[in-house]
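1. model this:
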Amino acid sequence: MAKNIMIQGTMSNAGKSLLCAGLCRIFRQDGYRVAPFKSQNMALNSFITADGGEMGRAQVVQAEAAGIAPDVRMNPILLKPTTDVGSQVIVNGVVQGNMRAMEYYRRKREFVPAVLEAYDSLAAENDIIVIEGAGSPAEINLKQEDIVNMGLAKLVDAPVLLVGDIDRGGVFAQLYGTVALLEPEERARIKGTIVNKFRGDKKILEPGLVTLEHLCGVPVAGVIPYVYVDIDDEDSLSTRFTRNAGRKDIDLAVIRLPRISNFTDFAPFERFENVSVRYVEKVSDLHDPDMIMLPGTKSTIADLKWLRESGLEAAILKAASAGTPIFGICGGYQMLGRSVSDPEQVEAAGISEISGMRLLDMDTLFLGEKVQTQTEGIFENIPGLLACLNGLAYQGYEIHMGRSIERRSAVTCMGNVYGSYIHGIFDAPGVAEAILGTLCRKKGLDPARLGSFDPKAYKEAQYDKLADAVRSGLDMELVYRVLNREV
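-> Numbers count the residues shown, from 1 in each chain. A predicted model of the protein is given here:
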């Protein structure tokens with residue numbers, strides 16, 4: 001069976017996911033077979049594996065860093081919030097239904113066998129398992145039924161490194177307070193603390209680190225520098241949404257829906273120096289973009305209602321009538337049609353039918369069975385501005401409850417309005433370049449200003465950059481001693 005090490009955090013967004021990805025890359029570089037694992041993940045960004053299972057994107061990123069294919073065993077439980085008090089529950093890649101928070105809390109011990117089966121199967125195939133916790137292990141109101149932090153660490157006998165985020169302030173209180181709230185047997189599992197996202201001169205930090213070691217009774221395993229790596233974000237804490245992006249030669253506006261999901265679909269455009277990708281949630285911020293994108297959403301009907309009430313629908317309709325290209329993906333695609341119907345309340349939005357934006361000639365009906373599949377092909381028969389895509393290959397995945405009537409191909413088009421169910425449709429080589437090149441020519445700009453881009457090589461370079469930062473900040477000798485149960 002594989003050796004294991006677990007990364008827990010003092011809070012959400014302390015950097016656990018990227019730290020685990022960095023460790024996966026390091027262990028792979030050092031010659032080990034390594035796989036990530038997170039027993040329970042709550043996120044709106046998900047992925048469909050080659051065999052049609054659904055899992056969280058954080059473990060997809062970690063699998064890529066480890067050089068292996070994503071597998072639902074790496075994330076046996078995925079919770080996708082549908083309301084403020086409920087989520088769709090996915091176990092081993094398959095939807096189990098919607099549950100309110102209290103119902104899931106009462107029942108989650110039922111899922112322990114599935115978690116352990118997934119973990120044991122991965123452990124039998126690999127040398128090292130890098131385990132990610134969720135939130136904080138010191139959520140004392142949730143500890144009784146915990147299966148993702150110390151509860152899981154006990155089940156799989158994992159040593160723990162605890163990470164805190166110095167960039168958000170109060171890192172010493174974060175780390176010591178978390179340790180202080182743990183039970184003695186839980187504290188015994190913590191083999192070191194990590195200060196993450198540090199900027200500045202480490203010498204100024206050292207007196208505090210000495211005191212922290214004394215208070216916590218374990219060594220500081222590392223101080224990891226703040227580093228920007230262009231790696232897919234997991235959820236709505238994404239810095240993409242708050243990034244101050246000025247308008248550049250080509251300006252793309254992504255509508256920031258309240259329940260936005262799979263916004264990583266638009267990452268390929270962000271990697272061009274003279275392209276701005278802005279996430280917009282107010283009419284006053286829309287301005288006059290070169291293209292408007294409607295992303296996926298976990299609740300098409302509720303977010304379409306919000307789009308209408310916010311005035312953004314009217315602004316999009318006005319832009320469409322003026323010739324601005326509009327592109328919707330998944331839920332955003334459904335909104336562009338004539339109507340969206342949910343008679344069985346699959347989305348639990350409290351609305352059985354709502355009129356769409358009527359920009360595409362189709363209707364959408366929600367059914368109880370989710371479409372989960374990877375897909376690939378060649379663009380063909382696309383008219384208008386995006387005829388530039390014809391002949392190019394695409395690949396991606398579909399993940400949706402709705403079925404859109406009159407859908408005929410990978411991309412549906414009416415005039416300057418386009419839509420598709422395929423997440424990742426812009427990722428394949430040449431696709432983003434073709435769209436941006438067309439937008440350049442429409443404005444009389446030279447597409448050469450965009451530069452060239454190799455997405456696969458770029459992604460691999462980003463994982464190596466992350467691994468370099470993590471290796472430079474961590475005491476890797478201590479990490480290997482923890483793995484080998486020598487501390």
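2. quick one, helices of the stretch 251-400 of the chain?
-> 267-270, 300-310, 312-321, 331-335 (DSSP state H, counting those that start in this stretch).
3. what's the closest of the ones you listed to residue 213?
-> Each of these has some distance to residue 213 by CB to CB; the shortest is helix 267-270, at 39.2 Å. Every C-beta, even on glycine, is put in place using the N, C-alpha and C of the backbone.
4. counting by contacts, list what the closest one packs against.
-> Here helix 267-270 touches strand 275-280, helix 431-442, going by 3 or more CB pairs under 8 Å, 6 or more residues apart in numbering; DSSP states H and E.
5. could you dump these to a markdown table with mean neighbour count?
-> Formatted as a markdown table, the helices and strands packed on helix 267-270 follow (neighbours: other CB atoms under 10 Å):
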| stretch | mean neighbour count |
| --- | --- |
| strand 275-280 | 21 |
| helix 431-442 | 20 |
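6. so which of the ones you listed gets nearest residue 175?
-> Closest of these to residue 175 is strand 275-280, at 32.3 Å (criterion: CB to CB).
7. who touches the closest one?
-> Outside strand 275-280, the residues that touch it by CB atoms under 8 Å, 6 or more residues apart in numbering are 240-241, 245-256, 263, 266, 269-270, 285-286, 289, 312, 436, 450.
8. may I see the PyMOL selection of the buried members of the residues you listed?
-> Selecting the buried subset of the contacts of strand 275-280 in PyMOL, with 16 or more other CB atoms under 10 Å as the burial test, is done by:
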select buried, resi 240+241+248+249+250+251+252+253+254+255+256+263+266+269+270+286+289+312+436+450
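9. if we can go back for a sec, dump the helices of the stretch 251-400 of the chain to TSV, plus mean pLDDT and distance to residue 37.
-> Formatted as TSV, the helices of the stretch 251-400 of the chain follow (pLDDT from 0 to 100; distance: least, CB to CB, whole Å):
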stretch	mean pLDDT	distance to residue 37
helix 267-270	90	25
helix 300-310	95	32
helix 312-321	97	40
helix 331-335	97	29
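10. just those: most buried one?
-> The highest mean neighbour count among the helices of the stretch 251-400 of the chain, using mean count of other CB atoms under 10 Å, belongs to helix 331-335: a mean of 29.
11. list the helices and strands that helix packs on?
-> Using 3+ CB pairs under 8 Å, 6+ apart: helix 331-335 touches strand 291-294, strand 296-297, helix 300-310, strand 393-405, strand 417-420.
12. for the stretch 301-450 of the chain, which spans come out with low pLDDT?
-> 406-408 (pLDDT under 70).
13. can we see that at 80?
-> Where the stretch 301-450 of the chain drops to pLDDT under 80, the residues are 348-349, 405-409.
14. surely residue 153 and residue 6 touch.
-> Yes - Residue 153 is in contact with residue 6 according to CB atoms under 8 Å; the separation is 5.4 Å.
15. which residue of those two possesses the greater neighbour count?
-> More crowded of residue 153 and residue 6, by other CB atoms under 10 Å: residue 6, with 28 against 22.
16. and the more buried one, what's its pLDDT?
-> For residue 6, the pLDDT comes out at 98.
17. and residue 239, by the same measure?
-> So residue 239 comes in at 61 (pLDDT).
18. check residue 243 too.
-> pLDDT for residue 243: 62.
19. name the nearest residue to residue 397, ignoring sequence neighbours.
-> In space, not counting the residues next to it along the chain, residue 397 is nearest to residue 48; the distance is 3.7 Å by CB to CB, 6 or more residues apart in numbering.
20. so what's that neighbour up against?
-> Applying CB under 8 Å, 6+ apart, we find residue 48 in contact with 54, 372, 373, 374, 397, 398, 399, 423.
21. how about 7 Å then?
-> Applying CB atoms under 7 Å, 6 or more residues apart in numbering, we find residue 48 in contact with 54, 372, 373, 374, 397, 399.
22. out of the residues you listed, which is nearest to residue 413?
-> Out of the contacts of residue 48, the member with the shortest distance to residue 413 (by CB to CB) is residue 397, at 21.1 Å.
23. what is the burial count for that closest one?
-> The tally of other residues near residue 397 (other CB under 10 Å) stands at 23.
24. likewise the one 4 residues further on?
-> Taking other CB under 10 Å as the neighbour definition, residue 401 ends up with a count of 22.
25. and for residue 177?
-> Neighbours of residue 177 (other CB under 10 Å): 14.
26. quick check: the nearest residue to residue 250 once chain neighbours are set aside vs residue 159, distance?
-> Of all residues beyond its chain neighbours, the one nearest residue 250 is residue 275 (4.7 Å), with distances taken as CB to CB, 6+ apart. Distance of residue 275 to residue 159, given as CB to CB, to the nearest Å: 44 Å.
27. can you give me the helices for the stretch 51-200 of the chain?
-> 57-66, 101-107, 112-123, 150-156, 171-181, 184-187.
28. hang on, the earlier thing: quick one: buried ones out of the contacts of residue 48?
-> Neighbour counting by 16+ other CB under 10 Å classes 54, 372, 374, 397, 399 among the contacts of residue 48 as buried.
29. among those, which two are most distant?
-> 54 and 374 (11.3 Å).
30. list the contacts of stretch 335-346.
-> With CB under 7 Å, 6+ apart as the criterion, stretch 335-346 contacts 294, 300-301, 304, 307, 328, 334, 349, 352-360, 362-368, 401, 404, 417, 419.
31. got a PyMOL select line for the buried ones in those residues?
-> Remark: buried members of these, expressed as a PyMOL selection using 16+ other CB under 10 Å:
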select buried, resi 294+300+301+304+307+328+334+349+354+356+357+359+360+362+363+364+365+366+401+404+417+419
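32. what distance do you get for the closest residue to residue 107 other than its chain neighbours to residue 159?
-> Residue nearest to residue 107 in three dimensions, not counting chain neighbours: residue 99, with 7.4 Å by CB to CB, 6+ apart. In this view, residue 99 and residue 159 are 32 Å apart by CB to CB.
33. looking at those two, which is more packed in?
-> Set residue 99 next to residue 159 and count neighbours by other CB under 10 Å: residue 159 wins out with 22 against 19.
34. touching, that one and residue 191? I think so.
-> Yes - using CB atoms under 7 Å, residue 159 is in contact with residue 191, at 4.7 Å.
35. between these two, what contacts are shared?
-> Contacts common to residue 159 and residue 191, judged by CB under 7 Å, 6+ apart, are residue 482.
36. can you give me the strands in the stretch 101-250 of the chain?
-> 128-132, 160-165, 190-198, 220-225, 250-255 (DSSP state E, counting those that start in this stretch).
37. mean pLDDT and distance to residue 411 added to these, as a markdown table?
-> A markdown table is the format used below for the strands of the stretch 101-250 of the chain (pLDDT from 0 to 100; distance: least, CB to CB, whole Å):
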| stretch | mean pLDDT | distance to residue 411 |
| --- | --- | --- |
| strand 128-132 | 98 | 36 |
| strand 160-165 | 98 | 41 |
| strand 190-198 | 97 | 40 |
| strand 220-225 | 96 | 42 |
| strand 250-255 | 96 | 17 |
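38. I'd like the ones you listed as TSV, with distance to residue 178 appended.
-> What follows is the strands of the stretch 101-250 of the chain, written out as TSV (distance: least, CB to CB, whole Å):
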stretch	distance to residue 178
strand 128-132	16
strand 160-165	6
strand 190-198	9
strand 220-225	14
strand 250-255	36
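39. out of those strands, which gets nearest to residue 384?
-> Counting by CB to CB, and looking across all of the strands of the stretch 101-250 of the chain, nearest comes strand 250-255 at 17.6 Å.
40. pull up the pairing partners for that closest one, direction included.
-> Here strand 250-255 has these sheet partners by DSSP bridges: strand 275-280 (parallel), strand 291-294 (parallel).
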